[in-house]
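Novice: 3D, please:
(2 chains)
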Amino acid sequence: MDDQVIVQMFWDRDEDAVAITKRKYDDYCMYIANNVLHDRQESEECVNDALLAAWESIPPNRPNNLRTYLGKLTREIAINRWKKNNRKKRMRSDVVKSLDEIEEIVSGGDLGSDLEEEELSREISRFLFSIDEAKRNVFIRRYWHYDSIKSICARYGYGKSRVLMMLKRTRDDLAEYLKKEGYIT
Amino acid sequence: MKNDMMRRAIGGIDSRLIEQAEKEGITTSLKESPVKKERIFRGKKAVFAALALVVVFCAVLVVSAVVANMTVYQDEQGYRIHYEGSEDEVDIHSVTVGYVPEGYVVRELTEAECENDPEGSGFDPRIRQIRLIREDYADLSAYELANTPAPQIVINVNRAGEIDWGYSYGTYEMTYQSTINGMDAIMIHKNDASAEEHTNIQFSDDKITVNVRGHGLSMDEVVKVAENIAW
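Specialist: The predicted structure follows:
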């Protein structure tokens, strides 16, 4: 079923929308959740929470891309769930590393106190659109999907050192970009 | 926390970026096993590495054969190369460019003969003009030789230490030059004025040997000298 039809069902408060969405995107959302939580049961609960969040946020939102909208909800819920449960030991070490790497981008500086999250997202998007596609995809797989380095290597057929180098350079370039635009002071 | 804001901001990036990153590679199913793909890739790597080794080995064999061939004698109707030193820089070598065919004689033109040859370039003390001619034409003058259909080989050889006609390329130049009889002539030039270099031709009853001595002459150039001599 087309995503726009499903979104309209949400708008019409048709409860079948949730069941249809789950059937269509369960695997996708489970993949994202499991990348963070590495626990099937926790991931299932996370996906259910994401579907509830979708029900509660559509309307007023009308996402153009239901898949990525759900992905974003799942991602955020998974991280929050992990933080709430404080299960660092159960969290995959590569996710911890991902978060540390994200921290590196703003290390040595500060994000403006009046900076809106949406504005920062737009700037990061602008930056990502401007870089090489291969680097962009690797960056997103790592810091949006929380894929492990091994998984990224398998997906694109790259060696480990190449992936690590691509991520490092993209992080450095993003930091440089944000500093130049005044978002990191 | 700084990384929280950054992390959430990355989470909110444009959906088109996420879609693009999800298009390539494996599916997002939990059942997918990326490890399996990696193992297959390792197997392919091993095959390519083995093939590369085989190719290198064959190349080494071929090169060895070529190198070995350069040090062995050619057949008696061809030429033989003797050399000392490395292949890159042959110090002393002689090239037997061929054999005087039966019924032919070797004759070096005198100064007078060169001067009297209206078809030639006159006498040039830097050049030895040598002819291999059929016995029955042995007594003809250079001019007469130039105007007879007698088959002959003309070899003009620079004397030691001389620059030949100002050619500035290469150390030794082998060229074909047509005589007025339409026969190919071979000129061996020495273009380098190094005093240590000289060229001479030795003729015996049965063979003509060009002795070439020089520094920095590669085996390729030596082979070229031999290969360009033709009867």
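Novice: what's the helix or strand in which A:Ile79 is found in contact with?
Specialist: In this structure, A:Ile79 sits in helix A:66-85 according to DSSP states H and E. Here helix A:66-85 makes contact (CB atoms under 8 Å, 6 or more residues apart in numbering or on different chains) with A:3, A:6-7, A:21, A:25, A:28-29, A:32-33, A:35-37, A:42-43, A:45-47, A:49-51, A:53-54, A:57, A:61, A:63, A:88, A:91, A:95, A:144-146, B:7-8, B:11-12, B:15, B:18-19. To be clear about C-beta, it is placed using only N, CA and C from the backbone, and glycine gets the same treatment.
Novice: again, only using 7 Å
Specialist: By CB atoms under 7 Å, 6 or more residues apart in numbering or on different chains, the residues outside helix A:66-85 that reach it are A:3, A:6-7, A:25, A:28-29, A:32-33, A:36-37, A:42, A:46-47, A:49-50, A:53-54, A:63, A:91, A:144, B:8, B:11-12, B:15, B:18-19.
Novice: who in chain A is up against chain B?
Specialist: A:27-28, A:30-31, A:34, A:64-65, A:68, A:71-72, A:75-76, A:99, A:102-103, A:105-106, A:111, A:117-118, A:120-121, A:124-125, A:128, A:136-137, A:140-141, A:143-144, A:150-151, A:154-157 (CB under 7 Å from any CB of the partner chain).
Novice: filter the residues you listed to the buried ones?
Specialist: Among the residues of chain A next to chain B, those classed as buried by 16 or more other CB atoms under 10 Å in any protein chain shown are A:28, A:30-31, A:34, A:65, A:68, A:71-72, A:75-76, A:99, A:102, A:105-106, A:111, A:120-121, A:124-125, A:128, A:136-137, A:140-141, A:143-144, A:151, A:154-156.
Novice: just the ones of those in strands?
Specialist: Among these, none falls in strands (DSSP state E).
Novice: now chain B, which segments are flagged as low pLDDT?
Specialist: Applying pLDDT under 70 to chain B flags residues B:1-3, B:24-43, B:61-107, B:116-122, B:124-134, B:141-231.
Novice: can you check chain A too?
Specialist: A:86-93, A:108, A:113.
Novice: returning to that earlier point: and the buried ones among the residues of chain A next to chain B, which of them are in helices?
Specialist: A:28, A:30-31, A:34, A:68, A:71-72, A:75-76, A:99, A:102, A:105, A:120-121, A:124-125, A:128, A:136-137, A:140-141, A:143, A:151, A:154-156 (DSSP state H).
Novice: secondary structure element holding B:Glu19?
Specialist: Secondary structure assignment for B:Glu19, by DSSP H and E: helix B:15-23.
Novice: same question, A:Arg23
Specialist: Judged by DSSP H and E, A:Arg23 forms part of helix A:16-37.
Novice: residues of that helix that come out buried?
Specialist: Quick answer for helix A:16-37 (16+ other CB under 10 Å): A:17-18, A:21-22, A:24-26, A:28-37.
Novice: contacting residues for the nearest residue to A:Glu101 once chain neighbours are set aside?
Specialist: Spatial nearest neighbour of A:Glu101, excluding adjacent residues (CB to CB, 6 or more residues apart in numbering or on different chains): A:Arg171 at 6.3 Å. Shown in contact with A:Arg171 (CB under 7 Å, 6+ apart): A:Glu101, A:Glu104, A:Ile105.
Novice: A:Arg171: what secondary structure?
Specialist: Here A:Arg171 is helix, with the state taken from DSSP: H, G, I helix; E, B strand; the rest coil.
Novice: rewinding a little: can you tell me what sits against the helix holding B:Glu19?
Specialist: By CB under 7 Å, 6+ apart, helix B:15-23 touches A:Asn64, A:Asn65, A:Thr68, A:Gly71, A:Ser125, A:Leu128, A:Arg136, A:Asn137, A:Ile140, A:Arg141, A:Trp144, B:Thr28.
Novice: how about a cut-off of 6 Å?
Specialist: A:Asn65, A:Thr68, A:Leu128, A:Asn137, A:Ile140, A:Arg141 (CB atoms under 6 Å, 6 or more residues apart in numbering or on different chains).
Novice: that one to helix A:16-37, inter-axis angle?
Specialist: Here the directions of helix B:15-23 and helix A:16-37 differ by 70 degrees (axes from the mean of the first three to the mean of the last three CA atoms, to 10 degrees).
Novice: okay, the angle between helix B:15-23 and helix A:66-85?
Specialist: 90 degrees.
Novice: buried ones in helix B:15-23?
Specialist: Across helix B:15-23, burial judged by 16+ other CB under 10 Å covers B:Ser15, B:Leu17, B:Ile18, B:Gln20, B:Ala21, B:Glu22.
Novice: as a markdown table, these with distance to B:Ala49 would be great.
Specialist: Converted to a markdown table, the buried residues of helix B:15-23 look like this (distance: CB to CB, whole Å):
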| residue | distance to B:Ala49 |
| --- | --- |
| B:Ser15 | 42 |
| B:Leu17 | 37 |
| B:Ile18 | 37 |
| B:Gln20 | 34 |
| B:Ala21 | 32 |
| B:Glu22 | 33 |
